[in-house]
Each structure stands twice: as C-alpha cells, then as structure tokens.
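*Asks:* Below are the sequence and a predicted model for it; my questions follow.
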Amino acid sequence: MTTVTEHKPDGIGKSLVVYFCILALAALQFVIAYQDIHAAQMFRRMFSVALVEAGIAVMFFMHLWSEKRGFLLFVVIFTIFVLLSMQFGWTDSSRLSHCAGYCS
Amino acid sequence: MSQADLTMQGHSAGMMTDRPFAIPTKKLAMWLFIIADTMTFSACLVAYGFLRNATPDWPRPFHSITNVAVMTFILLTSSLTMYLGVQSAKAGDKAGAFRWTMITAVAGILFAVLHLREWMGLIGEGMTLFKNPWGTGLFGAAFFSVTGLHITHVIGGVIALLAVGLRYKGGRYNSDDIEIVGLYWHFVDLVWMFVVPFIYLMNLAH
C-alpha cells in the first residue's frame, strides 16, 4: 500500500515571505513597463519575472515542492514539453509582419 | 462468501489503494485539470503574441496602470488568504478555514467587478470584438478572448469557493476539498501573472 503525502501546516511567517516576494516581482513588472526599451527586450524581461513569480506560487502556495518527487517531475516535464511545442509559429508571425506572401 | 468474491474484493481493494504518485485521486484530477487548462491559456497567449508580433499597428490603449495594479494586488492577496484557509483546514481550525475561504471569495468578487468595470470603460470608448478607435480590429477579439477566459475562471472559482466553503462548514466536505479548490484558485492567480504583462503592461500608451 502506498503512502499518501500529507503536508504539515506552515507558519504564517513563511506564507507572508512568499506573498511579499510575489508582490515585489509583480511590482517589478510594472517598473519594467515604464522602461524605455525595445518591445522584444521588454517581453523577455517581463516573461522572465512572470516565470519566477509563477514558479514560486506553484512550488509554495500550491505545495508542489512538498509533493512526491515523481509527481513534481511529471508536472514540470510534461508541462514544459507541451508549452515548448507551442512555439513553432513565431518565425511565421515575424514573416507576416514583413508582409511576406500577402502584400506588395 | 465464495472464493471468487474474496478474490474480486482483494483486487478492487488493491486498485483503490494504489494511487498514482501517492496523492489523493481528487487532488490528482485537479492537477491534471490545471495542466490541461495551462495548455488552453498558453494557446490563447501564444495566439495573442502571434497576432501582436505580426501586426504593425497594434493598439496601445491603456493610459493608466492604477486599475490593473489594484486588480493584481487583490488577486495576489486572495492567493495568500486561500493559502491561509488551506493551512487552517489542515490544522483542524474549521472556523478559520471557512473564514479565509469566504474572504478569498469576496476578493474574487471584487476582482470580477473591477474587471467588468474596466471592460465597460473600454466598450464605452468604442472597443468591440472587431473594431476599436486605436488600430487593428484584432485587438478587441484578442483582448476580450484572453481576459474573458480568465474572468470566467475567476467567476467559476468564486462559485466553487462558496460551494466548497459552505459544505465544509456543514461537515459534508473535509480539509482535502479546501486544498483542492485552493489549488484551482492559485492557478487562476498564476494565469493573471502572465496576462498582466502581455495584455496590459506591454500595451501601455507612452
């Protein structure tokens, strides 16, 4: 018989630290929005911050970090694989922005 | 009881106790739903990015970040209150768990009201699904699709929080159910972390 993962309740201190980290990262995105940089660079910075923010939320608020290692690997690897698979169209969207194939 | 019955009983008992990844089946189902929903939102955001990248006159209609900042603060704070609700439920503090769950639901309602108010403002400025005064008509369809899908999840989450919270208080549900609805609520919050920069902050009018 397998054992079921049980989480011990964490203290409020840890949850507040995680909350303020996420809040600070969200604020950082607003700061980046007002930087005078190219859109591609802005996208890269905001996306990086959002990934860290989401990672903290998934690992601590959603308790993925304290789940069984096999489950953590399943969620992370499967999700990343499918998300990466969706990125095949970007070169085509850049081609369209340069009018390729449909305008003179 | 016959030998065949005993054998069947033994088999089904084995099947019931061998949980995949050693987590409760309801929780596994919620994680699978979250993974599937991640794909849905990712597809929407990738399609949005594709359109934005391929369209030179993409509108930048947002003049103020105040509304979206307040909405973000409310949703992030609701994640904290949900977390505290789950912790209270795990610690056996039934009243605390119910209180935090209801506070989370109220935060969700507030978020939805602010979001709808923002929609009304944009519609009032002439933005529809197919046209807007600022640039390509694709913007309206993309904006309303992504934010509309998210607000649908928020409203669904509020209904789930109220239903699970009340049934938990009434003794029909236990702390696992609070944890599972909490997972969903954190996911809704997580999606917003990507919607804000891509849909709002990258379209600020400078």
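*Replies:* Arrived safely, thanks for sending. Numbering: from 1, shown residues only, chains lettered A, B, ... in the order given.
*Asks:* switch to C-alpha atoms for all contacts and neighbour counts from now on
*Replies:* OK.
*Asks:* residue boundaries of the helices in chain A?
*Replies:* When assigned using DSSP state H, the helices of chain A occupy the ranges A:12-33, A:39-56, A:69-85, A:90-97.
*Asks:* do you know how far A:Phe60 is from A:Gln41?
*Replies:* If you measure A:Phe60 against A:Gln41 using C-alpha to C-alpha, to the nearest Å, the figure is 29 Å.
*Asks:* ugh, typo on my part, it should be B:Ile180
*Replies:* Relative to A:Gln41, B:Ile180 is positioned 37 Å away (criterion: C-alpha to C-alpha).
*Asks:* which one of A:Phe60 and A:Gln41 has more residues nearby?
*Replies:* Each of A:Phe60 and A:Gln41 had its neighbours counted (other C-alpha atoms under 10 Å in any protein chain shown), and the higher figure belongs to A:Phe60 (16 against 11).
*Asks:* give the contact list for that one.
*Replies:* With contacts defined as C-alpha atoms under 8 Å, 6 or more residues apart in numbering or on different chains, A:Phe60 is in contact with A:Val18.
*Asks:* so what pLDDT did it get?
*Replies:* Confidence per residue is given as pLDDT, and for A:Phe60 that number is 91.
*Asks:* if we can go back for a sec, now the helices of chain A in a markdown table, with mean pLDDT and distance to chain B?
*Replies:* As requested, these are arranged in a markdown table below (pLDDT from 0 to 100; distance: least, C-alpha to the nearest C-alpha, whole Å):
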| stretch | mean pLDDT | distance to chain B |
| --- | --- | --- |
| helix A:12-33 | 93 | 6 |
| helix A:39-56 | 93 | 6 |
| helix A:69-85 | 87 | 6 |
| helix A:90-97 | 68 | 4 |
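*Asks:* Contact partners for B:Lys131?
*Replies:* Remark: with contacts taken as C-alpha under 8 Å, 6+ apart, B:Lys131 is in contact with B:Gly137, B:Leu138, B:Phe139, B:Gly140.
*Asks:* Isn't the second one up against B:Phe130?
*Replies:* Yes. Applying C-alpha atoms under 8 Å as the test, B:Leu138 and B:Phe130 come out as touching, 6.2 Å apart.
*Asks:* Same drill for those two, tell me which one is more crowded.
*Replies:* For the pair B:Leu138 and B:Phe130, the greater number of neighbours falls to B:Leu138 (19 against 12), based on other C-alpha under 10 Å.
*Asks:* And that one, its phi and psi?
*Replies:* When quoted as degrees, to the nearest 10, the phi and psi of B:Leu138 stand at phi -60, psi -30.
*Asks:* so how far is B:Phe143 from the residue in chain B that chain A sits nearest to?
*Replies:* Nearest to chain A in chain B, going by C-alpha to the nearest C-alpha, is B:Ala54, at a distance of 4.1 Å. Separation of B:Ala54 from B:Phe143 (C-alpha to C-alpha) stands at 16 Å.
*Asks:* thinking again about what came up before, can you lay out the contacts of B:Lys131 as a markdown table showing pLDDT, distance to chain A and secondary structure?
*Replies:* As requested, the contacts of B:Lys131 are arranged in a markdown table below (pLDDT from 0 to 100; distance: C-alpha to the nearest C-alpha, whole Å; DSSP: H, G, I helix; E, B strand; the rest coil):
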| residue | pLDDT | distance to chain A | secondary structure |
| --- | --- | --- | --- |
| B:Gly137 | 85 | 16 | coil |
| B:Leu138 | 88 | 14 | helix |
| B:Phe139 | 90 | 15 | helix |
| B:Gly140 | 92 | 19 | helix |
